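Enquirer: Here you go, sequence then predicted model.
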Amino acid sequence: MNCNGIRAATRKGLYAWLLRVDPDVVCFQETKAQEHQLPFDALGLMSYFTIYADAERRGYSGVAIYARRPPDRSHTGFGWWEYDREGRYVQVDYGPLSFASIYVPSGSMGPERQRWKDGFLERFEPWLQQAARDGRSYILCGDYNIAHRDIDIYDPQRGAVWSGFLPHERAWMDRVIDNDGWVDAFRAIRPEPELYTYWSNFEQSFEKNRGWRIDYQLVTPDLRSRILNAYVYTEERFSDHAPVVVEYDLPS
């Protein structure tokens, strides 16, 4: 889930919700906090193993994973210094299974940031191709900042000129799913339209359901048959994004 600031999300009830839901693994993006700045409410989840990849710049970006069991291994970053310093990747491994939290840059702030995003996607695609062949099972949770299909955005006609729905961004997602074999876990069992994960804070976008689906769990093909259920939780609002919850039948 993109928190748009984990401290702000906590004030809106995020940790209380997690305690009720009791998930095995939680992936956060845009934490916007150094680990030592976590709110007091975080102590309620002390039973979880936690790992953060913080951005060097305070109050910016950052990803984290909370997990019920300590992993066999964990690491942060791709090895791409210019992007790693923004806190965009963290991974935990359990035997042959890996979970990761990913935050793809946004290009909505102008041409320079769009070029920065495009550079990330250019490097990320070969990484995904290699990961799909390395023999591990992956669940890659994240804010990808791309709405893939027409049903993933409230106004696809107007959206064709907006960052996040540009033709070359959608083509990138086409290649990742259609050519490289990654499975969009949510769409694998939830093909309905108007299921969004992000709404801007303007013009009552949430109330009117004028949203985007830009938060994904991409999984390797071997996990396709293990997807049991998927939904977007919208009964409470912790952020301008909503949690994407996917239930899997995974080996213990």
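Expert: Perfect, I can see it now.
Enquirer: for the longest helix seen in the chain, packing partners?
Expert: Determined from DSSP state H, the single longest helix within the chain is helix 111-133. For helix 111-133, the elements it packs on are helix 167-174, judged by 3 or more C-beta pairs under 8 Å, 6 or more residues apart in numbering; DSSP states H and E. All C-beta spots, glycine's among them, are computed from the backbone N, C-alpha and C.
Enquirer: contacting residues around the helix it packs on?
Expert: 118, 121, 125, 144, 146-149, 160, 163 (C-beta atoms under 8 Å, 6 or more residues apart in numbering).
Enquirer: How about stretch 95-104?
Expert: Here stretch 95-104 has contacts from 2, 25, 27-30, 53, 61-65, 67, 72, 87-92, 117, 120-121, 124, 135-146, 250-251, using C-beta under 8 Å, 6+ apart.
Enquirer: hmm, 6 Å instead?
Expert: Outside of stretch 95-104, the residues within contact range by C-beta atoms under 6 Å, 6 or more residues apart in numbering are 25, 27, 29, 63, 65, 88-92, 136-145.
Enquirer: among those residues, which ones are buried?
Expert: Buried subset of the contacts of stretch 95-104 (neighbour count, 16 or more other C-beta atoms under 10 Å): 25, 27, 29, 63, 65, 88-92, 137-145.
Enquirer: Pull up the per-residue confidence for Gly44.
Expert: Looking at Gly44, its pLDDT reads 56.
Enquirer: hang on, I meant Phe202
Expert: The model's pLDDT for Phe202 equals 88.
Enquirer: Next: Arg7.
Expert: Looking at Arg7, the pLDDT reads 89.
Enquirer: Can you give me the end-to-end span of stretch 199-209?
Expert: 7 Å (C-alpha to C-alpha, to the nearest Å).
Enquirer: Ignore what I typed, I meant stretch 153-162.
Expert: Using C-alpha to C-alpha, one end of stretch 153-162 lies 11 Å from the other.
Enquirer: who touches that stretch?
Expert: 147, 150, 165, 210-212.
Enquirer: got it, and stretch 135-149?
Expert: With C-beta under 6 Å, 6+ apart, stretch 135-149 has contacts from 2, 27, 29, 96-104, 106, 131, 153, 164-165, 169, 173, 212-220, 222-223.
Enquirer: And the buried ones among those, selectable in ChimeraX?
Expert: Buried residues among these (16+ other C-beta under 10 Å), as a ChimeraX selection:
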select :2,27,29,97,98,99,100,101,102,103,104,106,131,153,164,165,169,173,212,213,214,215,216,217,218,219,220,223
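Enquirer: which residue ranges form the helices in this structure?
Expert: Using DSSP H, helices in the chain cover 6-11, 14-21, 81-84, 111-133, 156-159, 167-174, 185-189.
Enquirer: quick revisit: just put the contacts of helix 167-174 in a markdown table and tack on pLDDT.
Expert: A markdown table is the format used below for the contacts of helix 167-174 (pLDDT from 0 to 100):
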| residue | pLDDT |
| --- | --- |
| Asp118 | 98 |
| Leu121 | 98 |
| Glu125 | 98 |
| Tyr144 | 98 |
| Ile146 | 98 |
| Ala147 | 98 |
| His148 | 98 |
| Arg149 | 98 |
| Ala160 | 96 |
| Ser163 | 98 |
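Enquirer: among these, which ones are buried?
Expert: Buried among the contacts of helix 167-174 (16+ other C-beta under 10 Å): 118, 121, 144, 146-149, 163.
Enquirer: Many thanks, have a good one.
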